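Enquirer: I would like the atomic coordinates for the input below:
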Amino acid sequence: MSILSVGSVALDSVRTPYGSAESVVGGSAVFFTAAATLFHPVQVVGVVGEDYPLHELDFLLSRGADLSGIERCAGESFFWSGRYSSDLSTRDTLETRLGVFANFEPKIPESFRSARIVFLGNIDPMLQLNVLDQVKNPDIVACDTMNYWIEGSREVLIKLLKRVRILIINDEEVRQLADNSNLLKAARWVQDQGPEMVVVKKGEHGAILFADDWLFSVPAFPLEKVFDPTGAGDAFAGGFLGYLAKADSLSSGDLRRAMVCGSVIGSYAVEQFSIRGLIDLSAEEINRRLLEFREMTAFETHVLSEDHV
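Expert: Below is the predicted model of the structure:
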């Protein structure tokens, strides 16, 4: 299964209790691709300005990524600056400059239009719909969104959901979208709008996959230090969809394994600033953490007799 990723390609300046990073590569398409290419090649569509250091993404080429869909335009790249709280649970945006991203109109190259998996990063729902009008009957359309679009473009977003197979969203956003504080009911409401599956990201508490008649909860991998949570959700999505592309399957077992892979890749992403934790990540390191994950979550079930109830 080929993967197409459409989203932001940005520069980030981040401050956390563990340090800071200035004007480092980021954006939804970058984090997603850095994660997904650990399992499967990705075709990328985005836009950057004259100031963007595209050479810093050259390592993705060796993994089979195709970056020819990234357009370079006159002007500055999308820039975001933020500061995280002491426990990394909240962040304040210090500065946002849209730059060339303000006029971003995704142009999907002809060679990308037959992708079997399409990931729509966190961009305007109108642009996400525009992408779907350009591609040719993908098997899986997965998308992300955020509070801003839920509040300001709700009608368009609901229209988009009818064409989406997997919605990847955080717990606050799914409650807002469904106008229901109960997570299970909120996810089921979203499924009624079109998506076959909903993946709810819960940050340090892991993620939950809601399917037709079953769900699967995966914890976050416990870490001693989290240096930079920026892009963790996109890295999770990349690990999740990258594994599904490699498996070429949507079986219950592969969906569960994909969720664990997403959590594992997300855990490596947050251990360093920007995408540094994903650049030299080896299959051996991924497999080791997958085995640790299995040991951490596996248990045997002993059914209690009526005498013990």
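
Enquirer: what is the least confident helix or strand in the protein?
Expert: Considering only helices and strands, the least confidently modelled element of the chain by mean pLDDT, DSSP states H and E is helix 147-152, at a mean of 89.

Enquirer: buried stuff in stretch 190-207?
Expert: 190-191, 193-195, 197-204, 206-207 (16 or more other C-beta atoms under 10 Å). All C-beta atoms are positioned from the backbone trio N, CA, C, and that covers glycine.

Enquirer: dump the least confident helix or strand of the chain to PDB, restricted to CA.
Expert: Listed in PDB are the C-alpha atoms of helix 147-152, where the atom choice follows Å, rounded to 0.1, in the frame of the first residue of the first chain:
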ATOM      1  CA  ASN A 147     -10.300  22.600  18.000                       C
ATOM      2  CA  TYR A 148      -9.800  25.600  15.600                       C
ATOM      3  CA  TRP A 149     -11.500  23.700  12.700                       C
ATOM      4  CA  ILE A 150     -14.100  22.200  15.000                       C
ATOM      5  CA  GLU A 151     -15.200  25.600  16.100                       C
ATOM      6  CA  GLY A 152     -14.800  27.600  12.800                       C
END
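
Enquirer: contacting residues around it?
Expert: Contacts of helix 147-152 with the rest of the structure, by C-beta atoms under 8 Å, 6 or more residues apart in numbering, involve 122, 124, 125, 157, 172, 173, 176, 177.

Enquirer: element containing the fifth one?
Expert: Taking DSSP states H and E as the definition, one finds residue 172 inside helix 171-178.

Enquirer: report all helices and strands that that helix contacts.
Expert: Based on contacts counted as 3 or more C-beta pairs under 8 Å, 6 or more residues apart in numbering; DSSP states H and E, the elements that helix 171-178 packs against are helix 147-152, helix 183-192, strand 197-201.

Enquirer: quickly, which of these bottoms out on average pLDDT?
Expert: Mean pLDDT across the helices and strands packed on helix 171-178 is lowest at helix 147-152; the value there is a mean of 89.
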